[in-house]
Each structure stands twice: as C-alpha cells, then as structure tokens.
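Peer 1: here is my input, please return the structure:
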Amino acid sequence: MMLFDAPAVLPPPDEHPAHLDRLLDHLVRARATPPARVLEEFLDAPADPATLGVDGVHHVAVYTGDYLTEDDFDDWLASVESHGAFRDVRTGPSWIAPRRYGTSGHWINLTADGDEYELFTCRARGEWADYGARRRAALMSHHGLSVRDPEQVGAVMDFLGARPGVEQIARTPADELGHTYGHLLNTRSELVLEIVHAGDTSAAADR
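Peer 2: So this is what the prediction gives:
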C-alpha cells in the first residue's frame, strides 16, 4: 500500500492548504489501486477479489500526522472544512487509537469528486508518540474494500483472519442504517485493511 509521508505533527494553520493539496493528490492516486493489488500487498500473497465478493474500493484512509492539543485538531478540522475540493465533511473520535495505542484520535470522513476518503490523526502522547513515522502511517491508514452483501463482511473477515499473521482488530455489525465493516491487521507489515458494506451511503460511520 502507498503510505502517505506524513509529518511527525500537523503543520501550522498557514501551511494547511498545501498539506491538504498533497494529501488529496495521494488519496486520488491510492484510490486508483486495483482491489487485487490491495489484497496482495496486505496479504503478501495473491488473492482473487471476485472469489471474496469484493467489488471495488469503497474508500481510502490516510494518516495525516499527530496533533499536540485539541485546539490544534480544531484548527485542522476548520482547514479541511474550508478546502475547496472537499464536501460532506464529518468527524468523530477514533475507536481504535485509545483501545490499542493508548492515545486519543479523530477521524474525518469526506468526499472529493464524489469519492469517499478518511483522514486520521492521533494525539502525540504516551506509547503512540514513540512509534516511528512509518509505523504510525501504516497502523492508521488503509484501503476500504467493498463487498456486495453485508453478510460477506463477516465471511471475508473470518477467511482473511485465518491467514497466518493476520488479526481482526475491529468488527462492527450492521447498525440501524445497515453499515457493516471490519478491520484487519497484518502483524508483520502492520498494514491495515477494511472490509465494508456501505448500506446507507448518506450516513457517517464511526471509525
């Protein structure tokens, strides 16, 4: 997977526009990665998307850099909301960051040219702050591959999770809007993969 070369911490507000332009370029290029290549890079082995019921890339998520204070994140969010290329900006607290990495974090869900993307950032503290840049980018970035039916999310998660070195790290059954997803971790490469059935695509999903 192409990992974004994120800075150790988010740049100051006057540098946000250039940082966001660079992020957008990365996201568009990463989204063009075929599902077969996404699976092969995650699994370290070929896998057939059609056999798994994967029908495309649902979204791409990228790590944008740490933040130092909640005010820093608020400034970052304001810059994302005001960027001319982004629409439908929504945000919420990271579920994975406090449970696995001992820090807080935020996801930002948005669209650009009708395609869905996610931006992640975690607070620079505790164990997380000692991780190397590549490790942080890998753990909080991923491709989300879409499947045709909600039942396939669990089936694909179980199948891939049975591979050596692959661990299920989060799994959310269908909520009232029908959005079903789960995250897998390759413990050797520390790359993450999401399997998702979108359900009602007008709704934001907790990340």
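
Peer 1: so what's the residue most central in space within the chain scoring on pLDDT?
Peer 2: By CA atoms, centre = their mean, the chain has its centre lying nearest to residue 61, at 3.0 Å. Residue 61 is assigned a predicted lDDT (pLDDT) of 97.

Peer 1: next secondary structure after the lowest-mean-pLDDT helix or strand in the chain?
Peer 2: Least confident helix or strand, the chain: strand 166-172 with a mean of 91, by mean pLDDT, DSSP states H and E. Using DSSP states H and E, the helix or strand that directly follows strand 166-172 along the chain is strand 180-186.

Peer 1: now do that next one against strand 166-172, angle only.
Peer 2: The directions of strand 180-186 and strand 166-172 differ by 160 degrees, with axes from the mean of the first three to the mean of the last three CA atoms, to 10 degrees as the criterion.

Peer 1: picking up where we left off before, what's the separation between the residue nearest to the centre of the chain and residue 144?
Peer 2: Taken as CB to CB, to the nearest Å, the spacing of residue 61 relative to residue 144 amounts to 7 Å. Where C-beta positions appear, they are placed from N, C-alpha and C, glycine not excepted.

Peer 1: could you do residue 83 as well?
Peer 2: Taken as CB to CB, the spacing of residue 83 relative to residue 144 amounts to 21 Å.

Peer 1: so for the two, which residue has more residues nearby?
Peer 2: When residue 83 and residue 144 are compared for neighbours, residue 144 comes out ahead with 24 against 18, by other CB atoms under 10 Å.

Peer 1: who are the packing partners of the one helix or strand that one maps to?
Peer 2: In this structure, residue 144 sits in strand 142-147 according to DSSP H and E. Packed against strand 142-147 by the contact rule (3 or more CB pairs under 8 Å, 6 or more residues apart in numbering; DSSP states H and E) you find helix 35-43, strand 54-63, strand 192-197.
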